[in-house]
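# coords below, sequence missing:
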């Protein structure tokens, strides 16, 4: 009995009630709904409409922290009265990369995604639409057989009614909606993937796209140093050389990528010769942990 009565006063002496208020450091106004917690315990309270709070049974020597969304947190040693004045702060989010609008498996849209490996296997030296020739409801043809003569039909609609995008940017002619693939002769060598959405798309566009939407995603700027050279030879004196080089990270914040394509050939059919250059340049600048600037040039 003597031992119990001796320990009880010590237990009561080691605890206290902390009360006070939380306010805006700049305006002095009360912050309602701020969180005040005792670190390392389950004790805490939210401030009322007047910015006031009360926490009972706080251990002596504990640390009390006040926080609120949009403000920097503040801490102090436990005392019977604690007033916090919080300063506004910036919440830095993690980096978010948005390359283009694409559908996923949860989107109620019929679509097919062609990867870079699939393109290298199917495409060869043909125009980009030919990589989609095995896709359901898609018909692609090279028409006359010359470089850039390809066209694509989706669900019976010609490419005037198929929105063609590169990295989410529409490429259809503004007057007649046609796509001139000769303008994008070297894009196939710098393409990371292609998504073909058939029918009405999940992407909001001003371009008529009742047939479908074709989104070409180019290769992102590589952060590893390296290069590649590829040569293709075909009938009709066809010769194509592709050179790609990545600088890798420079000074831990910059990277550059370049692809040069040279294509020549007499053509198997008369008047289908080709003599063209194509290029693709990419530059990346890492401004901070949450922001990166990407620039591309295609031609």
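The structure has been received and is ready for your questions. This one's a predicted model, so the numbers in the text were calculated from it and none came from an experiment.

# so residue 68 touches residue 33, yeah?
Yes. Look at residue 68 against residue 33 with CB atoms under 8 Å: they come within range, at 7.0 Å. All C-beta atoms are positioned from the backbone trio N, CA, C, and that covers glycine.

# Can you pick out the residue with more neighbours from those two?
residue 68 (22 against 12; other CB atoms under 10 Å).

# Over to the more buried one: give its phi and psi.
Per-residue torsions, residue 68: phi -160, psi 150 (degrees, to the nearest 10).

# And the one 4 residues further on, by the same measure?
With angles defined as degrees, to the nearest 10, residue 72 sits at phi -80, psi 140.

# Check what pLDDT it gets.
At residue 72, the pLDDT value in this model is 90.

# heads up, I number from 75, so please use that
Yep, numbering from 75; the last one is residue 146 now.

# what number of residues lie near it?
Neighbour count for residue 146, taken as other CB under 10 Å: 13.

# hang on, it packs against residue 158?
No. Using CB under 8 Å, residue 146 makes no contact with residue 158, being 10.7 Å away.

# Residue 90 and residue 151 touch, don't they?
No. Counting by CB under 8 Å, residue 90 sits too far from residue 151 to count as a contact (11.3 Å).

# quick one: buried residues of the top strand by length along the chain?
Criterion DSSP state E: the longest strand present in the chain is strand 348-362. By 16 or more other CB atoms under 10 Å, the buried positions in strand 348-362 come out as 348, 352, 354, 355, 356, 357, 358, 360.

# How about stretch 203-221?
203, 204, 205, 206, 207, 209, 211, 212, 214, 216, 220, 221.

# I'd like these laid out as a markdown table, including distance to residue 299 and secondary structure.
Shown next, in a markdown table, are the buried residues of stretch 203-221 (distance: CB to CB, whole Å; DSSP: H, G, I helix; E, B strand; the rest coil):
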| residue | distance to residue 299 | secondary structure |
| --- | --- | --- |
| 203 | 33 | helix |
| 204 | 32 | helix |
| 205 | 29 | helix |
| 206 | 33 | helix |
| 207 | 36 | coil |
| 209 | 35 | coil |
| 211 | 42 | coil |
| 212 | 37 | strand |
| 214 | 36 | strand |
| 216 | 37 | coil |
| 220 | 37 | coil |
| 221 | 32 | coil |
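
# From those residues, pick the one nearest residue 191.
residue 205 (11.3 Å; CB to CB).

# how near is that closest one to residue 140?
58 Å (CB to CB, to the nearest Å).

# what does residue 196 give?
61 Å.

# Of those two, give the one with the bigger neighbour count.
Taking neighbours as other CB under 10 Å, residue 196 and residue 140 compare with residue 140 leading, 25 against 14.

# Check for me that the more buried one belongs to a strand.
Yes. Under DSSP: H, G, I helix; E, B strand; the rest coil, residue 140 sits within a strand.

# Going by secondary structure, residue 106 is in what exactly?
Counting by DSSP states H and E, there is no helix or strand that carries residue 106.

# ok, the residue nearest to it when sequence neighbours are not counted to residue 102 distance?
Once flanking residues are discounted, residue 106 sits nearest to residue 123: 5.0 Å by CB to CB, 6 or more residues apart in numbering. To residue 102, residue 123 is 16 Å away according to CB to CB.

# Now render the buried residues of strand 348-362 as TSV, adding pLDDT and distance to residue 242.
Formatted as TSV, the buried residues of strand 348-362 follow (pLDDT from 0 to 100; distance: CB to CB, whole Å):
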residue	pLDDT	distance to residue 242
348	80	29
352	82	21
354	83	16
355	85	18
356	83	15
357	86	18
358	84	17
360	83	22
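
# with these in mind, which one is nearest to residue 111?
Nearest to residue 111, judged by CB to CB, of the buried residues of strand 348-362 is residue 360 at 35.7 Å.

# which residues does the closest one contact?
326, 327, 328, 366 (CB atoms under 8 Å, 6 or more residues apart in numbering).

# got the contact list for stretch 309-327?
Outside stretch 309-327, the residues that touch it by CB under 8 Å, 6+ apart are 199, 260, 263-264, 295-308, 329-342, 346, 348, 359-361.

# Select only the buried ones of the residues you listed in PyMOL?
The following PyMOL line selects those of these that are buried, judged by 16+ other CB under 10 Å:
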select buried, resi 199+260+263+264+295+296+329+330+331+332+333+334+335+336+337+339+341+346+348+360
